[in-house]
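>>> my questions are about this predicted structure, shown below with the sequence.
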Amino acid sequence: MEHYKQYIPFIIFLIVAYLCFLIAKPFIAAIFTGIILAYLFYPLYKILCKKIKRENLCAVLVTILVLFLLLVPSIFIVEKLTDETVIVYNYVRSRDFILLISDYLPQNAMDYVKQAIDRGLLYILTAGSDFVLTIPKFLLNFFVAMFVMYFVLIDGHRLIEKIKDILPMDGKMKQQILTRFEKTTDALMYGNLVVAIVQGVAALIGFLIFGISGAFLWALITMVVSFLPVLGTAIVWLPLGLVELSRGNMFAGAGIIIYGALVIGTIDNLLRPKLVSIKTDIHPAIILIGVLGGVSLIGFIGFIVGPLIIALLLEFLDIYGGHGEIRS
């Protein structure tokens, strides 16, 4: 019996750790978001600290700035996209859309088109209702992310030192892990920024070719939403194409949808993994799996957390597995 007593503290620790995980699980994405935002804005925080000399005030100022940078564009973009969605819905409901495209499709395809339109309208209504219902949850997660960012800005360096003390490895290995973390995070942000610019330029070219009104504004919005995983830029060019189709402008409508799927969307899938791969020396396929798996696991912020976790795993394998790396 005495032999088993020595394991009781460890078992209690595992139980408490598991319960803590269950408590934090609903906010995992928000916690990661706060940590990453703190990492990105930490240089600005340090500059302010040198001038103001008050850490709490500097953290508050940076948090307010991030709130402004995230909320103002988001509100504007949601408003514009909502307007376009309403236009599509109203046009399709008020006009015989099937009649508009009947000259362009064979008769046996019309039933399938009508079913697709009905399902599309139902999806728009369902998605809109779901979005409204998730607003309170989104605001709660947003508050948690800002809260975490504020305290990581202030206590982040102490947290890193604590992690260094806990890790069961020598100083060189600890520094290697932290270097990999910084390198991968920088590479992910660099890759996402470059992809956003390239997709914005490609979208602008397409919008101008097909005569989309407000091309420069929509290109800018495309650049911003390119950071969103899965749907990404389709949030912009698909409604715009449907609006043009509903107005009977088949060339512009079909053209921008095809161009968006083949050009704008492809840029994301091909360029992002390659850019990150070059910076991190990890194969693009592994980066792509990390992005898709991360998004599937924890949502939006997974497009950064997923590749980051895989990069850290490879670094641990490199340390403990004879310095063998999976590289591009």
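Happy to help now that I have it. Numbering: from 1, shown residues only.
>>> only C-alpha atoms for contact and neighbour calcs from this point on.
Will do.
>>> kindly state the pLDDT recorded for Leu121?
Listed pLDDT for Leu121 reads 59.
>>> can you list the weak-confidence ranges in the stretch 101-250 of the chain?
101-135, 229-231 (pLDDT under 70).
>>> do you know how far Gly306 is from Ile298?
9 Å (C-alpha to C-alpha, to the nearest Å).
>>> strands of the chain, residue ranges please.
Remark: no strands are assigned in the chain by DSSP state E.
>>> so Gly306 and Ile298 - more neighbours on which side?
The residue with more neighbours, out of Gly306 and Ile298, is Gly306; 23 against 19, by other C-alpha atoms under 10 Å.
>>> for the more buried one, which non-adjacent residue is spatially closest?
Distances taken as C-alpha to C-alpha, 6 or more residues apart in numbering put Gly294 closest to Gly306, at 4.0 Å, once the chain neighbours are dropped.
>>> gap between Leu48 and Tyr150?
Distance, Leu48 to Tyr150, using C-alpha to C-alpha: 14 Å.
>>> who's more crowded, these two?
Tyr150 (24 against 18).
>>> ok, now which ones touch the nearest residue to that one once chain neighbours are set aside?
The shortest distance from Tyr150 to any non-neighbouring residue, by C-alpha to C-alpha, 6+ apart, is to Ala59 (5.7 Å). By C-alpha atoms under 8 Å, 6 or more residues apart in numbering, the contact list for Ala59 reads 45, 150-151, 153-154.
>>> can we see that at 7 Å?
Counting by C-alpha atoms under 7 Å, 6 or more residues apart in numbering, Ala59 touches 45, 150, 153-154.
>>> tell me the predicted confidence for it.
89.
>>> same question for Leu262.
On pLDDT, Leu262 comes in at 88.
>>> ditto for Leu288
Reported pLDDT at Leu288 in the predicted model: 79.
>>> same question for Phe13.
pLDDT, read off for Phe13, is 82.
>>> contacts only, for the closest residue to Gly260 other than its chain neighbours.
Setting aside the residues directly before and after it, Gly260 is nearest to Trp237 in space (C-alpha to C-alpha, 6+ apart), at 6.2 Å. Contact partners of Trp237, counting by C-alpha under 7 Å, 6+ apart, are 256-257, 260.
>>> so what's the residue nearest to Gly306 up against?
302-303, 305-306.
>>> equivalent analysis for Glu315, please.
By C-alpha under 7 Å, 6+ apart, the contact list for Glu315 reads Ile177.
>>> how many neighbours does Phe143 have?
Neighbours of Phe143 (other C-alpha under 10 Å): 15.
>>> for the stretch 151-300 of the chain, which segments count as helices?
171-209, 215-225, 234-246, 250-259, 265-280, 284-298 (DSSP state H, counting those that start in this stretch).
>>> just so I know, which of those lies nearest Phe142?
Phe142 lies closest, by C-alpha to C-alpha, to one member of the helices of the stretch 151-300 of the chain: helix 284-298, at 14.4 Å.
>>> which parts of the closest one are buried?
Neighbour-count burial for helix 284-298 flags 284, 286-295, 298 (criterion: 16 or more other C-alpha atoms under 10 Å).
>>> closest to Val16 among the residues you listed?
Nearest to Val16 out of those is Ile298 (C-alpha to C-alpha; 22.5 Å).
>>> state the pLDDT value of the closest residue to that closest one other than its chain neighbours.
Distance criterion C-alpha to C-alpha, 6+ apart; nearest residue to Ile298, sequence neighbours excluded, is Ala29 at 5.6 Å. According to the prediction, Ala29 has pLDDT 82.
>>> now do the same contact list for Ala29.
Residues near Ala29 by C-alpha under 7 Å, 6+ apart: 298-299, 301.
>>> can you tell me what sits against stretch 166-184?
Residues contacting stretch 166-184 (C-alpha under 7 Å, 6+ apart): 164, 280, 308, 311-312, 315.
>>> just give me the closest of the contacts of Gly294 to Ile160.
Lowest distance from Ile160 to the contacts of Gly294 (C-alpha to C-alpha) belongs to Val305, with 17.6 Å.
>>> just give the closest residue to the closest one, not the sequence neighbours.
What sits nearest to Val305 in space, not counting adjacent residues and going by C-alpha to C-alpha, 6+ apart, is Gly294, at 6.2 Å.
>>> the one you found and Val194, how far apart?
In this view, Gly294 and Val194 are 20 Å apart by C-alpha to C-alpha.
>>> Pro307 contacts Val291, correct?
Yes: with contact defined as C-alpha atoms under 7 Å, Pro307 reaches Val291; the gap is 5.8 Å.
>>> quick check: the gap between Ile163 and Ile177.
Distance from Ile163 to Ile177, by C-alpha to C-alpha: 11 Å.
>>> between the two, who's got more neighbours?
Neighbour tally, Ile163 and Ile177, criterion other C-alpha under 10 Å: the higher count belongs to Ile177, 18 against 12.
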